[in-house]
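In: Got a predicted structure plus its sequence, pasted below:
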Amino acid sequence: MKKIQTLLILALLVGFNIRAQEGIPVYFDYLADNYYLVYPSMAGIGQQGKIRLTARKQWFNVDEAPSLQTFNGNFRVGEKSGVGGILFNDSNGYHSQTGFKATYAHHLQLSGDFRSLNQISFGLSAGVILSSLDETEFRSVIPDPIITGTKNTTSYFNLDLGASYNYLEFYAHAAILNILGTGRDLYTLAEFDNLRRYLFSVGYVFGKGDFRVEPSVLFQLTEFTQEKTVDFNAKVYKDVGNATVWGGLSYRRSFDGAQFQQDGTLGEQRLQLFTPIVGVNINRFLISYNYSYQSGEIRLDNGGFHQITLGIDLGEKQENRYDCYCPAAN
């Protein structure tokens, strides 16, 4: 029974954290003024450039636990264009992926004065990903022809497409990731060629003084598995001198559950992640930290997922900022 429970736990973990993670996984770093990492249409959304560095680590007590590092920058080019680039490294046990994405975005200002933000944006990212499976430590008493005993690496090309609408404190975004569907070719018995994911989010910043509240929602759908999740987010902002201190909470829940058996009883568990996040913007600099805790009876470890984001805004001038409380655009 213990062996069965272990296999079920691994199945839950695979279902919740691995199966749809080709490309950059969508965690909660977008809440740290990092929407470009998710939506290509946000490249160059503001009049200044933005650079963000993130590092995420899951389960410090577990060997070969998932970890992710990203480095991205996006900049305005002229009045109507934006460009950006993303480097990332994602490792999970014996599997890892490293990639680069380049982005072009086109912004259509719908108002006469650019400071009155009313803008529709479209973005396209093209990326190359190197996907690896390290089999050098695999051991089998009976020789298995599927196991090569080497580190296998393959590469593929894919596209992301996004659209955004920003109107003062209101915003809405949509994206299709991995449009071409082509994926890694490493697993003979478990290959599939449909990696497309669909994203949609909407939010609004309430308040005009030195205290503001920002509720938002993000929905994800993975086409191949039909896995669906939704994030319910709430952030608050407080201006303190030349700094803005902010914090919030995100709750992610899956629409689909995984069945498990424990002590002879069948149950079903859905992914539930609670993620508090805190941060501060001081002049051009940003630093934030979030911690995700997975609730439920079936967990690999009692620890959570830690992530830190560092950022800097370049070329920012007060007269070039939008006349709104819109942190993702300003």
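Out: On my side now, so go ahead.
In: Select the longest strand from the chain.
Out: What stands out as the longest strand in the chain, according to DSSP state E, is strand 243-262.
In: Please pull out the lowest mean pLDDT helix or strand from the chain.
Out: helix 2-17 (a mean of 40; mean pLDDT, DSSP states H and E).
In: Beyond that one, next helix or strand please.
Out: Later in the chain than helix 2-17, the nearest helix or strand by DSSP states H and E is strand 49-58.
In: ok, which stretches of this protein are strands?
Out: Ranges of strands in the chain, per DSSP E, are 49-58, 67-77, 81-92, 95-109, 118-134, 151-167, 170-177, 197-204, 211-222, 227-240, 243-262, 265-282, 285-294, 305-314.
In: The fourth one: which residues count as buried?
Out: Neighbour counts using 16 or more other CB atoms under 10 Å place His95, Ser96, Gln97, Thr98, Gly99, Lys101, Thr103, Tyr104, Ala105, His107 of strand 95-109 among the buried residues. Placement of C-beta: from N, CA and C, glycine included.
In: Most distant residue from the centre of this protein?
Out: Ranked by distance from the centre of the chain (CA atoms, centre = their mean), the top residue is Ile142, with 40.7 Å.
In: so what's Phe88 closest to, chain neighbours aside?
Out: Thr70 (4.4 Å; CB to CB, 6 or more residues apart in numbering).
In: who touches the one you found in this structure?
Out: Contacts for Thr70 (CB atoms under 8 Å, 6 or more residues apart in numbering) come out as Ile24, Asp29, Leu37, Arg52, Leu53, Thr54, Ile86, Leu87, Phe88.
In: so where is the stretch 51-200 of the chain shaky, pLDDT-wise?
Out: 60-61, 140, 146, 182-194 (pLDDT under 70).
In: If we use 80, what do you get?
Out: 59-65, 112, 114, 135-151, 181-195 (pLDDT under 80).
In: thinking again about what came up before, so the residue nearest to Phe88 bridges to which residues?
Out: Thr54, Phe88 (DSSP bridges).
In: Give me the distance between Asn158 and Asn152.
Out: Separation of Asn158 from Asn152 (CB to CB, to the nearest Å): 19 Å.
In: related to what we said a few turns ago, most neighbours among the contacts of Thr70, which one?
Out: Compared across the contacts of Thr70, Asp29 has the highest neighbour count, 26 neighbours, by other CB atoms under 10 Å.
In: Without its sequence neighbours, what residue ends up closest to that residue?
Out: Once flanking residues are discounted, Asp29 sits nearest to Thr54: 4.7 Å by CB to CB, 6+ apart.
In: so how far is Gln48 from the one you found?
Out: Relative to Gln48, and taking CB to CB, Thr54 is found at 19 Å.
In: Same question for Val240.
Out: 22 Å.
In: Those two - which one has more neighbours?
Out: For Val240 versus Gln48, the count of surrounding residues by other CB under 10 Å is larger for Gln48: 18 against 10.
In: per-residue confidence at the more buried one?
Out: Per-residue pLDDT puts Gln48 at 85.
In: Do I have it right that it meets Asp313?
Out: Yes. Between Gln48 and Asp313 there is a contact under CB atoms under 8 Å: 5.3 Å.
In: I figured Ile287 hits Leu310, correct?
Out: Yes. In terms of CB under 8 Å, Ile287 counts as a neighbour of Leu310; the distance is 5.7 Å.
In: Can you convert the strands of the chain into CSV and add a column each for distance to Met42?
Out: Shown next, in CSV, are the strands of the chain (distance: least, CB to CB, whole Å):
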stretch, distance to Met42
strand 49-58, 9
strand 67-77, 7
strand 81-92, 8
strand 95-109, 7
strand 118-134, 7
strand 151-167, 6
strand 170-177, 7
strand 197-204, 11
strand 211-222, 13
strand 227-240, 16
strand 243-262, 18
strand 265-282, 17
strand 285-294, 15
strand 305-314, 14
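In: List the contacts of Tyr198.
Out: Ala174, Ala175, Ile176, Leu177, Gln220, Leu221, Glu223.
In: So which of those residues is the closest to Gln272?
Out: Gln272 lies nearest to Gln220 out of the contacts of Tyr198, by CB to CB, at 14.7 Å.
In: Can you tell me the number of residues neighbouring the closest residue to the closest one other than its chain neighbours?
Out: By the measure of CB to CB, 6+ apart, the closest residue to Gln220 outside its immediate chain neighbours is Thr229, 4.9 Å from it. Thr229 has 20 neighbours, counted by other CB under 10 Å.
In: Who is Thr229 paired with across the strands?
Out: Beta bridges link Thr229 to Gln220, Ser254 when assigned by DSSP bridges.
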